[in-house]
Structure formats: C-alpha cells, structure tokens
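Student: Sequence first, then the predicted structure, then my questions.
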Amino acid sequence: MLDRDRQRAAPFLLPGELLRAAAPVSLAPGVPHPPLELLPPRRPGELERKLARPVGVLRRVYAALNPVSAAAGAVGDRMADAVPDAAWHGRGMNGGWTSAAGWFVARWHEDGAKGDCLLALTDRRLLLLADRAKPWQLDPAYAPHLELPRHEIAGLRRNPRGVLQRGRIDLHFPDGSWAGLTTPLPSTADEIAAAF
C-alpha cells in the first residue's frame, strides 16, 4: 500500500476509524455492464455537449474520405463486441442483478464515476472513493462513491481460479454472490486480502 493512497483516503475516515488498506481498484474484466434500466439516466457534461457535434462531423468526414478504413474499423468493433470479456478473462461476477454483487456493480457505474476507484478498507467498512476531477485537472479529486459496512462483506478472496489477472481479488457477499476487482500490482491485492 502506497503512502499516497493512505493520505488520499484519510480525510474520509470517521473519528476513531482505523485504515487497514488503501489502493486503486477497478472492476475486473468479465464483469458485465449493468442493464440500462438499473442505471439512472446519464446527463452529459458541459464539455461533452460542446464537443458532440464537431466530433460527429469529423467522423462522417473521415468515413466519406476513407470508406475502406472506416468499414474495417466498424467490422473490427463488431467482432470485438461479439466475444464477451468473460471468454478472455473468466467470469467477473456471480449472481444476478438482484444479488448484492449485482447491486454493487450497478452502483459502481452510477454518478459518473470513472473506471478506477480508490478502495479504502477500514476496521468498520469498505469505502470506494471515485475520482471526480475535471478533465483539465491533473491530480485526482476523490469523493465518496460507495460504502459497505464490514458485516455486508463475506470475504475478499485472492487468486480465483480460471482467470489471468494476477492482481485480482473477488469481493464476496453474504448471499453467495461475488464481483471481481483488479489492482495494479499482485502485491497490492495480497495486502488488501490480508488486511480483511
């Protein structure tokens, strides 16, 4: 665990709470994207709204000037989408969307959180901090995104079978469901699992 991660998680601790581990995590490959009906409607940001029209125009101009490359790119995208991530990386989640793991994954995708979160494991809870920095900000600006009391977590399992990710841990819930998380380094995953 890096000291930088501890410092970023420290402002979000409750009085008397002990931080056991802190590290950046992301959902493991193979974790399905939640159905759109489980997510709140997405509101595009100001910059996204301003750039949507010019980017669309550039795509159409590129397709008109280079139709073979545009068609090949579209075919490649469809082929990549045809093979699910689970085929390459193993299962990323067990349990349906009504399970605790399904709820966890759906909440991960809410509120405009980017792909990675900072996981802070304390003696009382598991806290996910999302980077809410604006695109022009260089340093991350973490804010609370998701909080789980320790009694709602059945365990953190290291080295699941049938997966390639060496920095993977599976977050198990009392209902038997689980969701996979990955860390940048295998040693970080070991520290998080040991801290639990």
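Tutor: Happy to help now that I have it. Residues are numbered from 1 along each chain as shown.

Student: and the one helix or strand residue 148 maps to, average pLDDT?
Tutor: Using DSSP states H and E, residue 148 falls within strand 142-149. For strand 142-149, mean pLDDT rounds to 90.

Student: try stretch 33-43
Tutor: Computed over stretch 33-43, the average pLDDT equals 77.

Student: mind listing what's buried in it?
Tutor: 34, 38 (16 or more other Cβ atoms under 10 Å). No exception for glycine: its C-beta is placed from N, CA and C like everyone else's.

Student: Next SSE downstream of the helix-or-strand element of the chain with minimal mean pLDDT?
Tutor: Averaged element by element with mean pLDDT, DSSP states H and E, the chain has its least confident helix or strand at helix 85-89 (a mean of 53). Moving toward the C-terminus from helix 85-89, the next helix or strand (DSSP H and E) is strand 93-94.

Student: So which elements touch whichever helix or strand comes after that following strand?
Tutor: Remark: after strand 93-94, the chain's next helix or strand is helix 100-108, criterion DSSP H and E. For helix 100-108, the elements it packs on are strand 93-94, strand 142-149, strand 178-182, judged by 3 or more Cβ pairs under 8 Å, 6 or more residues apart in numbering; DSSP states H and E.

Student: if you set the cut-off to 6 Å instead, what comes out?
Tutor: Packed against helix 100-108 by the contact rule (3 or more Cβ pairs under 6 Å, 6 or more residues apart in numbering; DSSP states H and E) you find strand 178-182.

Student: For the strand it packs on, which helices and strands make contact with it?
Tutor: Under the contact definition 3+ Cβ pairs under 6 Å, 6+ apart, strand 178-182 sits against helix 100-108, strand 168-172.
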